[in-house]
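*Asks:* quick one, fold the following:
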Amino acid sequence: MKLRARLLATLIVLAIPIVAGFTLYTAWSSRQALVQATYETTVERMEAVGRERCEEVPEGFARRAGIRPGRALGPRALGPRGALGPGRRFGRMQAVYDDTYQPRIAGDPPLDPALRAELEGGAETAADFGDQRVRIAMRMPWDGPCSVIVVDRPAGDLAGRAAASRTAGLAAGVVAVTALAAFLALAPVVRRIRRLEAAVKGQASGGYEGSVPIEGSDEVADLARAFNEASSQIRLRLEELSARDKALTEFLQSTTHDVMVPLTVLQGHLSDLRRIGGDSEPVVRAAMEEAHYLASLVKNLNAAARLDAGEPMIARHELDLGELVERVVSRHAPIAKTRGIALNHSIPEEPVHVNADSTLLEQMVGNLVHNAIRYNQEGGHVAVILERGFRVTVKDDGPGIPEEELERVGERQFRGGEARQRRPTGLGLGLHIVRDVAERHGYALTFESPEEGGLTVVIRGAEV
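*Replies:* Alright, predicted model coming up:
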């Protein structure tokens, strides 16, 4: 819920008990005012003429007040005019009692127990409110035969209900005006918060460069200032990480380049030794295989460093994919021969031109061929097929990859169970680089493990 809507809802929820409380208080105070006014008027008129007549001639006082002995004390028992004045304004006297709460007029009913209990408790007045009328019992400020008076009058006198309604309406109006004022007053704050939100999102997408604007000197401004301070710290950390990553990448690229020179020389010497033959041929063969693997690993580290450095490190240019495939096959042919694996390839007669980073693309195809040879059994077959429209297929008849592991092929440092069993060493970089290079160039990459065994990898792209 938005801030303004939440504030408005909160004010409305708070307004309901406030209005209800005002209404109840107004109704209660109106009743109290009605009872008090009746009491004061009754005392005043009894002191003037009523008390003396009531004590001297109670029957005459009763006739003058409209009280009929023995009749029910309801509105129909009242006469047109009484000792208290006009009935429409002040009500009618119903009964008179002495200080022991006994009827002054013979035949009158006893005082209502609830009203009597309140008076005995020390109250000056006790009232019984009905829907239309109210009966009020009052203790006069004297003792004697006419010290308790009961008066009946309309409950709506003194405009009590109208006053309660007006008070409730006034309270509701005050709450509504307060809510509207708060809603309008909060609008500029909400706009500032939204501008701050947009600025923060822009900062996050822009690498936290610059700072968000600071408006005013309140809590919103403090929030913007705190964010700028946090952004400054984040920029420092990002710059440190970037410098460290750049230095590491440059070191790795330089080191791999330096290592490849003696590795190439070593591979040449091992090849010469193999041609000489003799009893050391198995050892030379194993040494050539490990040297070839080490060279592949160093190249993968170099490719990984370039890919981790980001897109600007990819240099695209037009190249002949057929020539690239032939170079990869030629480079891997010696190691395939030493392991007794047939390495075959097929390319179209017409050149297949693509726009890509030649180094990374050659590393991608090379990794697929290297894996197909490394994890194949002796006497196996590896085929590299290039088709027009840029479709490269690398297929082997090795152990393949279990169905449940195909989706994870290409994850960094993931090596399938068969690969770990056959070759326990390795970093799991080869197929990860294959997937990364394909994604950065926008190529489709699929891994399939047919029922007859082996692994088939297909790369699809666009020819230029």
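*Asks:* in the stretch 301-450 of the chain, which spans are helices?
*Replies:* Secondary structure of the stretch 301-450 of the chain (DSSP state H, counting those that start in this stretch): helices at 321-338, 358-374, 417-422, 430-441.
*Asks:* would you single out the least confident of the ones you listed?
*Replies:* Among the helices of the stretch 301-450 of the chain, helix 417-422 has the lowest mean pLDDT, at a mean of 45.
*Asks:* same list (the helices of the stretch 301-450 of the chain) but as TSV, adding distance to A37.
*Replies:* Quick note: C-beta positions are derived from backbone N, CA and C, even for glycine. As requested, the helices of the stretch 301-450 of the chain are exported to TSV (distance: least, Cβ to Cβ, whole Å):
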stretch	distance to A37
helix 321-338	108
helix 358-374	100
helix 417-422	99
helix 430-441	91
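*Asks:* D131: how many residues sit nearby?
*Replies:* Counted with other Cβ atoms under 10 Å, the neighbours of D131 add up to 7.
*Asks:* just to revisit the earlier point, tabulate the helices of the stretch 301-450 of the chain (a markdown table), appending distance to R92 and mean neighbour count.
*Replies:* Formatted as a markdown table, the helices of the stretch 301-450 of the chain follow (distance: least, Cβ to Cβ, whole Å; neighbours: other Cβ atoms under 10 Å):
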| stretch | distance to R92 | mean neighbour count |
| --- | --- | --- |
| helix 321-338 | 116 | 19 |
| helix 358-374 | 109 | 23 |
| helix 417-422 | 105 | 14 |
| helix 430-441 | 99 | 21 |
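*Asks:* okay, the nearest residue to A336 once chain neighbours are set aside: pLDDT?
*Replies:* Using Cβ to Cβ, 6 or more residues apart in numbering and skipping the chain neighbours, the partner closest in space to A336 is L343 (4.0 Å). If you check L343, the pLDDT there is 95.
*Asks:* look up how far E52 lies from L343.
*Replies:* For L343, the distance to E52 (Cβ to Cβ, to the nearest Å) stands at 138 Å.
*Asks:* again with T26
*Replies:* According to Cβ to Cβ, T26 stands 39 Å off from E52.
*Asks:* more crowded one of these two?
*Replies:* Between T26 and E52, T26 has the larger neighbour count (other Cβ under 10 Å), namely 20 against 13.
*Asks:* what about that one, helix or strand, and which?
*Replies:* Taking DSSP states H and E as the criterion, T26 maps to helix 3-45.
*Asks:* helix or strand right after that helix?
*Replies:* Next element after helix 3-45 (DSSP H and E): helix 51-56.
*Asks:* so what does that following helix touch, helix or strand wise?
*Replies:* helix 58-65 (3 or more Cβ pairs under 8 Å, 6 or more residues apart in numbering; DSSP states H and E).
*Asks:* ok, 10 Å please
*Replies:* Helices and strands touching helix 51-56, by 3 or more Cβ pairs under 10 Å, 6 or more residues apart in numbering; DSSP states H and E, are helix 58-65, strand 92-97.
*Asks:* nearest to V457, out of these?
*Replies:* strand 92-97 (108.3 Å; Cβ to Cβ).
*Asks:* in that closest one, what's buried?
*Replies:* If you call a residue buried by 16 or more other Cβ atoms under 10 Å, then strand 92-97 has these buried ones: 92-97.
*Asks:* is it possible to export the residues you listed to CSV including distance to D245 and pLDDT?
*Replies:* Rendered in CSV, the data for these read as follows (distance: Cβ to Cβ, whole Å; pLDDT from 0 to 100):
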residue, distance to D245, pLDDT
R92, 100, 70
M93, 102, 74
Q94, 100, 78
A95, 102, 85
V96, 105, 90
Y97, 102, 92
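*Asks:* which of these lies closest to R339?
*Replies:* Among those, Q94 lies closest to R339 (Cβ to Cβ), at 123.5 Å.
*Asks:* sorry, back to before: tell me what the helix holding T26 is packed against?
*Replies:* helix 87-90, strand 125-129, strand 133-139, strand 148-154, helix 160-205.
*Asks:* repeat that with 6 Å
*Replies:* strand 125-129, strand 133-139, helix 160-205 (3 or more Cβ pairs under 6 Å, 6 or more residues apart in numbering; DSSP states H and E).
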